[in-house]
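J.: This is a predicted model, with the sequence first.
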Amino acid sequence: MLLEGLFLPLTTPFYLDGRLNLRKMEHNVDRYSKTPVTGLAVLSEYGDPTLLTEEETREALRSAMEAAAATKVMLAGISRDSVAGTVELAVYAASLGYDAALVGVPTILRRGPRVKEVLAYFQSVADQSPLPLVLVSSVAGTLATEAVIELAAHPNILGLVDGDVGRVGQIKSATASVKRDVTVTTVFAAVTNRMLALRDAIGGTFISADTLTDGATALAVAPPKASLRTRTKTVGFQILTGGTVRMLEGLKAGAVGVMPPFSASAPQGCYEVLAAWKDGDMPLAEEKQFRVQPAAARIEGELGSAGIRYGCDLNGYFGGRPRLPLLPVSGEERAEIELLLRAIRN
């Protein structure tokens, strides 16, 4: 699976009484599907996955997939403390048509140097998962550089979402020998599992004239042509920058894409940074990065999920209140977010 581009981490909507709001999730996914983002991350760290029950987790994964455009790469957050629980959720996500799974360091292994156990966890999940894995390293659960480099050689581990931009170049250099072939379109865009399934379904609808006429004379009709044409692209270990403030810095260091949490509030603003960088217009990319940086630093970096949710509300997406014990932003913080996003509206 090709991971180049902008991946948007979805927030998880709730009703005022705390119940999971699947209708608003579908509304958000449908709207995000009309933006130029490459893919959507469901139940990433900023989707507050630990606040959901197992049943709600499955409902959220199903609801988001049903509303997403077939061309959007879908990543499922499936991290669980046990290998068995993570693999079970990976099997379910695969049955829904997800393209890859986001897996971070289990909470049980975040205390102290547990390198051997962390490696055993990821290798065991990768061995058994029907979906390829994208590792997640964040402040909450940091993956050691040496562990990332070792795991990169596993054939079922595609890449890494990393909040530490400073080591992107080091990881890229150390994993330079890792090469994989991925399926892409003729213009080198990602091809999702749903796109392939649709192509196969179209190709399989032709029924021969002999079958319909029992051998009598009939007009021959050519089978329908599948509209999807693909080719193969060789990629390395694919790194996505996990933060917004240093997004451009990560791309310069060798990341192939970005997964900025702030993009849930301002997908267009974040995409413009990536687009300018891809066009080789560095002054414009720096200008676009400078434009979103103050808002991202405050909203994403300090206010967290609650701040991003209110930013979503301002820009036409549903953010709503977080689920307890998380609290919504205060009136003063709302006024601050409104000021910060005044020039970053979709």
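T.: Here it is on my side, so go on.
J.: what kind of secondary structure is Pro155 in?
T.: Three-state call for Pro155 (DSSP: H, G, I helix; E, B strand; the rest coil): coil.
J.: Ignore what I typed, I meant Val134.
T.: For Val134, the assignment made with three-state DSSP gives strand.
J.: mind listing the strands for the stretch 201-346 of the chain?
T.: For the stretch 201-346 of the chain, the strands defined by DSSP state E, counting those that start in this stretch cover 230-235, 238-241, 257-258.
J.: Tell me which of the ones you listed approaches Leu51 most closely.
T.: Closest to Leu51 of these, according to Cβ to Cβ: strand 238-241, at 23.9 Å. Every C-beta, even on glycine, is put in place using the N, C-alpha and C of the backbone.
J.: In its sheet, which strands sit next to that closest one, and in what direction?
T.: strand 157-162 (parallel), strand 257-258 (parallel) (DSSP bridges).
J.: could you say which helix or strand contains the residue at minimal distance from the centre of the chain?
T.: Centroid-nearest residue in the chain, with Cα atoms, centre = their mean: Ala41, separated by 3.0 Å. Element membership for Ala41, per DSSP states H and E: strand 39-42.
J.: quick one: contacts for Leu10?
T.: Applying Cβ atoms under 8 Å, 6 or more residues apart in numbering to Leu10 gives the contacts 25, 28-29, 32, 40-44, 46-47, 64, 264.
J.: quick one: terminal-to-terminal distance for stretch 38-55?
T.: Terminal residues of stretch 38-55 lie 28 Å apart, using Cα to Cα, to the nearest Å.
J.: Any buried residues in that stretch, and which?
T.: Neighbour-count burial for stretch 38-55 flags 38-49, 51-52 (criterion: 16 or more other Cβ atoms under 10 Å).
J.: Pull the most distant pair out of those.
T.: The distance between the two most remote of those (Cβ to Cβ) is 26.8 Å, for Thr38 and Leu51.
J.: can you give me the helices for the stretch 151-300 of the chain?
T.: Assigned by DSSP state H, counting those that start in this stretch, the stretch 151-300 of the chain shows helices spanning 168-174, 193-203, 209-213, 247-253, 267-278, 282-298.
J.: so can I have a markdown table of these showing mean neighbour count?
T.: Converted to a markdown table, these look like this (neighbours: other Cβ atoms under 10 Å):
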| stretch | mean neighbour count |
| --- | --- |
| helix 168-174 | 17 |
| helix 193-203 | 15 |
| helix 209-213 | 11 |
| helix 247-253 | 22 |
| helix 267-278 | 21 |
| helix 282-298 | 18 |
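J.: pull the helix or strand with minimum mean pLDDT from this structure.
T.: When the helices and strands of the chain are scored by mean pLDDT, DSSP states H and E, helix 209-213 comes last with a mean of 53.
J.: Could you check how many residues crowd around the closest residue to Cys270 other than its chain neighbours?
T.: Counting by Cβ to Cβ, 6 or more residues apart in numbering, Cys270 lies nearest to Ser263, which is 4.0 Å off, once chain neighbours are set aside. A count of neighbours around Ser263, defined by other Cβ atoms under 10 Å, yields 30.
J.: Kindly report the same for the one 3 residues further on.
T.: When counting by other Cβ under 10 Å, one arrives at 27 neighbours for Ala266.
J.: Skipping adjacent residues, who's closest to it in space?
T.: Spatially, and ignoring its direct neighbours in sequence, Ala266 is nearest to Ile344 (4.8 Å; Cβ to Cβ, 6+ apart).
J.: Over to Phe318?
T.: Excluding the flanking residues, the one nearest Phe318 by Cβ to Cβ, 6+ apart is Lys24, at 4.1 Å.
J.: And Gly163, by the same measure?
T.: Nearest residue to Gly163 in three dimensions, chain neighbours excluded: Gly242, at 4.0 Å (Cβ to Cβ, 6+ apart).
J.: For the one you found, which residues are in contact?
T.: By Cβ under 8 Å, 6+ apart, Gly242 lies in contact with Val136, Ser137, Ser138, Val161, Asp162, Gly163, Met259, Pro260.
J.: Farthest pair within these?
T.: Taking Cβ to Cβ, no two of the contacts of Gly242 sit farther apart than Ser137 and Pro260, at 15.2 Å.
J.: circling back to that earlier point, format the strands paired with strand 238-241 as CSV; extra columns: mean pLDDT.
T.: Below are these laid out as CSV (pLDDT from 0 to 100):
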stretch, mean pLDDT
strand 157-162, 97
strand 257-258, 96
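J.: Can you lay out these as a markdown table showing distance to Val178 and mean neighbour count?
T.: Below are the strands paired with strand 238-241 laid out as a markdown table (distance: least, Cβ to Cβ, whole Å; neighbours: other Cβ atoms under 10 Å):
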| stretch | distance to Val178 | mean neighbour count |
| --- | --- | --- |
| strand 157-162 | 9 | 26 |
| strand 257-258 | 17 | 26 |
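J.: May I see those arranged in TSV, with distance to Met282 as well?
T.: Shown next, in TSV, are the strands paired with strand 238-241 (distance: least, Cβ to Cβ, whole Å):
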stretch	distance to Met282
strand 157-162	22
strand 257-258	16
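J.: To Asp81, which of these lies closest?
T.: Closest to Asp81 of the strands paired with strand 238-241, according to Cβ to Cβ: strand 157-162, at 19.3 Å.
J.: Could you tell me the angle between that closest one and strand 230-235?
T.: Orientation note: strand 157-162 sits at an angle of 60 degrees relative to strand 230-235 (axes from the mean of the first three to the mean of the last three Cα atoms, to 10 degrees).
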